[in-house]
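Chemist: Just a sequence and a predicted model for now, questions to come.
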Amino acid sequence: MSDTAKALATQLANIEQRSGKRLDELVALVRQSSLKKHGELRDMLQRELGLGYGDANTLVHHALQSDGGSAAAAQGLSGDEVLDGLYSGPKAVLRPIHNKLMAALASFGEFETAPKKTYVSLRRKKQFAMVGPATKTCVEVGINHKSLSPTERLQALPAGGMCQYKVRLSQPEEVDEALLGWLRQAYDSAG
């Protein structure tokens, strides 16, 4: 068992002890709630069980992702439905950019996609990129790779964030060799 898995198992055991409920009862509480948003579920657990923010947050993640499913699947959403939510309303015009990027990334090999509230995380052993609508007019691609050289287009981000660089795309044609080269380096280093 990895150190991360051990830490999660310890935290879940502590949550059981603090709440006085078995883990299966806690998972059922989350899944059977009429609440759908992660933050609402977390707040409910804090309020009803007296859990701290971190414990409630971890429990929601665990409950929605247990049995090998994703949070979206646990809520009955397909991958396309999650993307429909991200790219809805005025942001719907950005979906072709996302689709073209994902099609190009598929040529790299296997990786996991994990839809979040405002973006999609792309992972191998670790996250190598994030993709999501930044505004009504552009998609932001976050890139995790420490040894890239920033350019006007490849913007360095402050240290300590989820990604080291970002690139903003406003047209599908901007999914080009330069962007894919940066992403390929990140993909290779994450595996």
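Modeler: Sure, I can see it. Numbers count the residues shown, from 1 in each chain.
Chemist: can you list the weak-confidence ranges in this structure?
Modeler: By pLDDT under 70, the low-scoring segments of the chain are 1-5, 7, 66-80.
Chemist: can you do 50?
Modeler: Residues of the chain that meet the criterion pLDDT under 50 lie in 67-76.
Chemist: remind me, longest helix of it?
Modeler: Longest helix in the chain, counting residues (DSSP state H): helix 3-19.
Chemist: where's that helix relative to the chain centroid, distance-wise?
Modeler: Relative to the chain's own centre, helix 3-19 is displaced by 22 Å; criterion: CA atoms, centre = their mean, to the nearest Å.
Chemist: Tell me, how many residues neighbour the closest residue to residue 43 other than its chain neighbours?
Modeler: Closest residue in space to residue 43, ignoring its immediate chain neighbours: residue 56 at 7.6 Å, by CB to CB, 6 or more residues apart in numbering. Quick note: C-beta positions are derived from backbone N, CA and C, even for glycine. For residue 56, the neighbour count with other CB atoms under 10 Å is 24.
Chemist: Quick check: residue 56 is in a helix.
Modeler: Yes: with DSSP: H, G, I helix; E, B strand; the rest coil as the criterion, residue 56 is located in a helix.
Chemist: Now do the domain split for this structure, please.
Modeler: The chain breaks down into these domains under automatic domain parsing: 3-74, 79-189.
Chemist: Now do residue 11 against residue 126, distance only.
Modeler: Residue 11 is 20 Å from residue 126, where distance means CB to CB, to the nearest Å.
Chemist: Is residue 146 in contact with residue 159, as I believe?
Modeler: No: taking CB atoms under 8 Å as the definition, residue 146 is not a contact partner of residue 159, at 10.0 Å.
Chemist: mind listing what the residue lying closest to residue 55 once chain neighbours are set aside touches?
Modeler: Leaving aside its chain neighbours, residue 55 sits nearest to residue 15 (5.0 Å; criterion: CB to CB, 6+ apart). By CB atoms under 8 Å, 6 or more residues apart in numbering, the contact set of residue 15 is 23, 26, 51, 55, 58-59.
Chemist: follow-up on the earlier one: what residues sit buried inside the longest helix of the chain?
Modeler: Buried positions in helix 3-19, judged by neighbour count with 16 or more other CB atoms under 10 Å: 12, 15-16, 19.
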